[in-house]
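[1] Mind folding the following:
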Amino acid sequence: MNKNLLVLALSQIFSFTAAPVTVFLSGIIGSQISPLKSLSTLPMSISVVGIAIGAILATKVMSLLGRKVGFILASMGNSLVSILAAYSIMDQNFFLFCFANFFLGVGMAFTHQYRFAAAESVEQNKVPKAISIILLGGIFSAFIGPGMANYAKDIISEHLYVGSYLSLAVLTFIPTIFFLFYENTSKLEVNIKYSGRSYFELISQPRFLQAIVAAAFGYAIMTFLMTATPLSMHVMENMSLSKTSIVIQFHVAAMFLPSLITGNLVKKYGHSNIMYLGVFLYSITIIISIFDQTFNNYMFALIFLGLGWNCLFISGTSLLVLSYKEDEKFKAQGLNDFIVYSVHAIGSLSAGILIVLTNWKMMNIICLPLMILIILTTLRADILSKK
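    Model prediction:
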């Protein structure tokens with residue numbers, strides 16, 4: 001744990017609070033101020049679109065200004081946008097609230113770069129563990145963000161939830177202070193131009209493609225089912241909101257808590273084996289979901305879904321870091337995050353539609369082709385690497 005890694009780990013706890021607060025509140029607020037109830041989840045979905053678009057912007061900014069300046073600007077930007085979101089709630093302006101959520105997503109794209117900065121701050125054999133440490137901060141964010149938002153929601157009594165976003169403005173500003181102690185780890189981080197191989201050459205590399213497919217479609221499956229879970233449980237199966245909340249909380253814990261050991265598992269057993277493990281855990285989710293929809297079934301299905309995501313995302317990200325050269329890192333990272341979070345956005349946007357048109361069992365079966373794609377891409381990379 002060097003200084004940079006410590007700064008990144010602490011900053012992750014506070015920066016990442018924007019994500020669970022958006023999941024927790026944006027749909028509820030949207031249903032209250034939206035002109036059409038069908039648009040209630042638009043703020044959440046548009047924030048994911050912001051992450052996808054912001055992925056390229058984040059790497060471009062940091063390639064020109066360095067990671068330190070990029071992270072500080074993002075932290076300050078997220079804080080200001082949170083204040084804008086608070087104002088939009090006060091003004092009952094749904095479209096301004098959507099605008100604010102889009103830029104919260106752009107800011108989150110910078111936060112997602114923490115894992116690459118962590119990988120660059122340690123020796124190559126310690127990369128999976130460094131990434132795991134960063135992701136572990138997400139479990140603290142999942143409790144701190146919604147907890148503060150819930151506590152502060154009545155601060156301005158005439159305007160419910162305005163205080164929630166004011167508290168988020170404070171939380172997302174804290175990393176600005178931490179990053180004053182961050183040091184750019186490479187001279188290439190300043191005024192670097194995109195160089196090295198072309199995008200086509202990068203993605204034609206079997207291990208690079210394997211890394212992207214595992215992270216992107218692993219994320220898509222998780223988002224697709226997680227987004228549909230509250231609708232399936234609360235709306236279709238008439239389970240209580242408290243039971244739905246418990247399932248989501250255990251799911252989030254399963255996403256991040258295994259980060260304590262996943263890095264060591266990747267180092268011991270290899271990236272591909274942990275990817276196969278992730279797909280196996282997803283398979284358990286689907287098998288459980290084929291049975292009748294009960295509280296326990298949802299609970300265990302979502303726990304295995306979180307575990308599978310952790311294996312695929314950490315192994316995919318740590319493999320990606322080994323698949324590009326130093327002078328093309330920003331190009332490679334930008335391409336990876338653009339693909340990962342674009343697919344993530346598609347999963348989020350389509351989940352609400354398909355759960356209404358189909359059912360929970362079919363939603364799980366739809367994920368099977370994506371799981372097969374992860375397996376085939378990994379097998380191909382393994383075979384080609386032995387030649």
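[2] Look up the closest residue to residue 252, ignoring the ones flanking it.
    Nearest non-adjacent residue to residue 252, counting by CB to CB, 6 or more residues apart in numbering: residue 142, 4.5 Å away. The C-beta positions use only the backbone N, C-alpha and C, and glycine is treated the same way.
[3] what's the helix or strand where the one you found lies packed up against?
    Using DSSP states H and E, residue 142 sits in helix 127-152. Packing partners of helix 127-152 (3 or more CB pairs under 8 Å, 6 or more residues apart in numbering; DSSP states H and E): helix 3-15, helix 18-33, helix 114-120, helix 162-178, helix 241-256, helix 259-269, helix 295-321.
[4] mind putting the ones you listed in a markdown table, distance to residue 155, mean neighbour count and mean pLDDT included?
    Formatted as a markdown table, those follow (distance: least, CB to CB, whole Å; neighbours: other CB atoms under 10 Å; pLDDT from 0 to 100):
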| stretch | distance to residue 155 | mean neighbour count | mean pLDDT |
| --- | --- | --- | --- |
| helix 3-15 | 19 | 22 | 94 |
| helix 18-33 | 14 | 20 | 83 |
| helix 114-120 | 29 | 24 | 91 |
| helix 162-178 | 3 | 22 | 96 |
| helix 241-256 | 22 | 18 | 82 |
| helix 259-269 | 33 | 18 | 90 |
| helix 295-321 | 32 | 24 | 94 |
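[5] Would you mind saying which of these lies nearest residue 73?
    Smallest distance to residue 73 across the helices and strands packed on helix 127-152 (CB to CB): 9.0 Å, for helix 162-178.
[6] which of the residues in stretch 79-95 are buried?
    For stretch 79-95, the buried set under the neighbour-count rule, 16 or more other CB atoms under 10 Å, comprises 79, 80, 81, 82, 83, 84, 85, 86, 87, 88, 89, 94.
[7] Restricted to strands, list those.
    Among those, no member falls in strands (DSSP state E).
[8] mind giving me the domain ranges of this protein?
    1-181, 197-387 (automatic domain parsing).
[9] so which strand or helix has residue 75?
    Assigned by DSSP H and E, residue 75 falls within helix 67-90.
[10] for residue 323, that is, sorry about that
    Per DSSP H and E: residue 323 is located in neither a helix nor a strand.
[11] Residue 155 now?
    Assessed by DSSP H and E, residue 155 sits outside every helix and strand.
[12] Could you pull up phi and psi at it?
    With angles defined as degrees, to the nearest 10, residue 155 sits at phi -60, psi -40.
[13] what do you get for residue 123?
    Residue torsions, per degrees, to the nearest 10, at residue 123 are phi -70, psi 160.
[14] Now do it, the pLDDT please.
    We have a pLDDT of 88 for residue 123.
[15] thinking residue 57 is in contact with residue 109, fair?
    Yes. Using CB atoms under 8 Å, residue 57 makes contact with residue 109 at a distance of 6.8 Å.
[16] So for these two, which sits in the more crowded spot?
    residue 109 (24 against 17; other CB atoms under 10 Å).
[17] Contact partners for the more buried one?
    With contact taken as CB atoms under 8 Å, 6 or more residues apart in numbering, residue 109 is in contact with 50, 51, 52, 53, 54, 55, 57, 58, 337, 341.
[18] need the contact list for the closest residue to the fourth one other than its chain neighbours.
    With CB to CB, 6+ apart as the measure, residue 106 is the residue that lies nearest to residue 53, at 6.7 Å, once sequence neighbours are left out. The neighbourhood of residue 106, defined by CB under 8 Å, 6+ apart, consists of 50, 51, 53, 54, 57, 77.
[19] Among those, name the ones in strands.
    Nothing among the contacts of residue 106 maps onto strands, per DSSP E.
[20] closest to residue 376 among those?
    Nearest member of the contacts of residue 106 to residue 376, counting by CB to CB, is residue 51, at 26.9 Å.
[21] so the closest one sits right up against residue 102, yeah?
    No. With contact defined as CB under 8 Å, residue 51 does not count as touching residue 102 (9.6 Å).
[22] more crowded one of the two?
    The neighbour comparison of residue 51 against residue 102 (other CB under 10 Å) goes to residue 51, with 28 against 21.
[23] Can you name the residues that contact that one?
    105, 106, 108, 109, 112, 341, 344, 345.
[24] ok, now residue 320?
    Per CB under 8 Å, 6+ apart, neighbours of residue 320: 208, 211, 212, 215, 332, 333, 336.
[25] any chance of those residues in CSV, with secondary structure and distance to residue 302 too?
    Formatted as CSV, the contacts of residue 320 follow (DSSP: H, G, I helix; E, B strand; the rest coil; distance: CB to CB, whole Å):
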residue, secondary structure, distance to residue 302
208, helix, 31
211, helix, 25
212, helix, 25
215, helix, 20
332, helix, 32
333, helix, 29
336, helix, 26
